[in-house]
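**Student:** Following is a predicted model, sequence given first.
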Amino acid sequence: MSTYVYMKVLESAPERYDRGIHRLSGGTIASIYERVAERVAAPGRRVLDVGCGTGGVALACAARGARVVGIDVNPGMLSVARDKAARRLPAPDVDWIELGAMELEDRFAPGSFDAVTSCLAFSELSPDERRYVLRVALRLLHPGGSLVIADEVPPRRRAARVWRRVRRLPVVFMTWALTQTSTHPVGGLADAVRAAGFADVVEERLGRDDFAIVSGRRAAGAS
């Protein structure tokens, strides 16, 4: 599965992002977009995709009939997403908005969405930022609404965590040389979703146990 540090290089050249992520994921990233979309998207449902990048999840949701708002802070990524959307017939129902995750609370009213999604964006946030986004996502969902997050996570077994670090080293060194940027997978993601107040939290592990799709629901009465 792709690593955040290499993703930062790809984000500096958005037109190469999709090809790079496809290769780094071993060709599985498109199926992950579909897995996320099939959990939340249906005709008429309103979906917010946080950190939408070049539109993988947003377009997969729109293809299932959802009305989607995709936000990203990177204008180059949004430009690629708009170009991809414009080439599709019929045109997908997506609003692309240049907006940072920390600005969500000021832009959308409570209960605006049936679902909130995010793929490969939480690993770019600090722990405090993740807590903020989860808190605001709960507020933006109407009761019964769904949250689905897909991202890198640490493998559960110690040996697998060690092997993962070894495999990542060449990419980490190369990316640090290019961007002076590094980070780690998102630890405790399912627990953070529960702590934010979501109910029925489920974690599905993928790949080499180093990628997860975490889903939850806003229960009636959650604040």
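**Tutor:** Okay, I see it. Residues are numbered from 1 along each chain as shown.

**Student:** Okay, strands next: where are they in this protein?
**Tutor:** 46-50, 67-72, 94-98, 113-119, 141-152, 199-206, 211-217 (DSSP state E).

**Student:** Next, name the residue at the spatial heart of this structure.
**Tutor:** Centroid-nearest residue in the chain: C119, 1.6 Å away (criterion: CA atoms, centre = their mean).

**Student:** Contacts only, for it.
**Tutor:** 32-33, 36, 49, 51, 53, 56-57, 149-151 (CB atoms under 8 Å, 6 or more residues apart in numbering). The C-beta positions use only the backbone N, C-alpha and C, and glycine is treated the same way.

**Student:** Can you check those residues and name whichever has the most neighbours?
**Tutor:** Counting neighbours by other CB atoms under 10 Å, D49 comes out on top of these with 34 neighbours.

**Student:** Let me see the contact set for that residue.
**Tutor:** 57-58, 61, 68-71, 116-119 are the contacts of D49 under CB under 8 Å, 6+ apart.

**Student:** Distance of D114 relative to E129?
**Tutor:** Distance of D114 to E129, given as CB to CB, to the nearest Å: 24 Å.

**Student:** same deal with D93?
**Tutor:** Separation of D93 from E129 (CB to CB): 29 Å.

**Student:** What distance do you get for the closest residue to G221 other than its chain neighbours to V193?
**Tutor:** Spatial nearest neighbour of G221, chain neighbours left out: P143 (7.4 Å); criterion: CB to CB, 6 or more residues apart in numbering. For P143, the distance to V193 equals 17 Å [CB to CB].

**Student:** what about those two, which has more around it?
**Tutor:** Shown here are P143 and V193; by other CB under 10 Å, V193 has more neighbours (24 against 11).

**Student:** hey, where'd the helices end up in the chain?
**Tutor:** Along the chain, counting by DSSP state H, helices occupy 4-11, 17-24, 29-40, 56-63, 75-86, 104-107, 127-140, 158-179, 189-195.

**Student:** if we can go back for a sec, between D93 and E129, point out the one with more neighbours.
**Tutor:** When neighbours are counted by other CB under 10 Å, D93 and E129 differ, and D93 comes out ahead with 17 against 14.

**Student:** quick one: contacts for the more buried one?
**Tutor:** Counting by CB under 8 Å, 6+ apart, D93 touches 62, 66-68.

**Student:** Check it and give its pLDDT.
**Tutor:** For D93, the model assigns a pLDDT of 94.

**Student:** Phi, psi for it please.
**Tutor:** phi -90, psi 80 (degrees, to the nearest 10).

**Student:** so how far is R39 from the residue nearest to the centre of the chain?
**Tutor:** Plainly put, C119 is 12 Å away from R39 if you go by CB to CB.

**Student:** can you check A91 too?
**Tutor:** In this view, A91 and R39 are 24 Å apart by CB to CB.

**Student:** what about those two, which has more around it?
**Tutor:** Between A91 and R39, counted using other CB under 10 Å, R39 has the larger neighbour count: 18 against 10.

**Student:** Please name the nearest non-neighbouring residue to the more buried one.
**Tutor:** In space, and not counting its chain neighbours, R39 is closest to V148: 5.1 Å by CB to CB, 6+ apart.

**Student:** now the one you found, which residues is it bridged with?
**Tutor:** Per DSSP bridges, the residues bridged to V148 are T117, S215.
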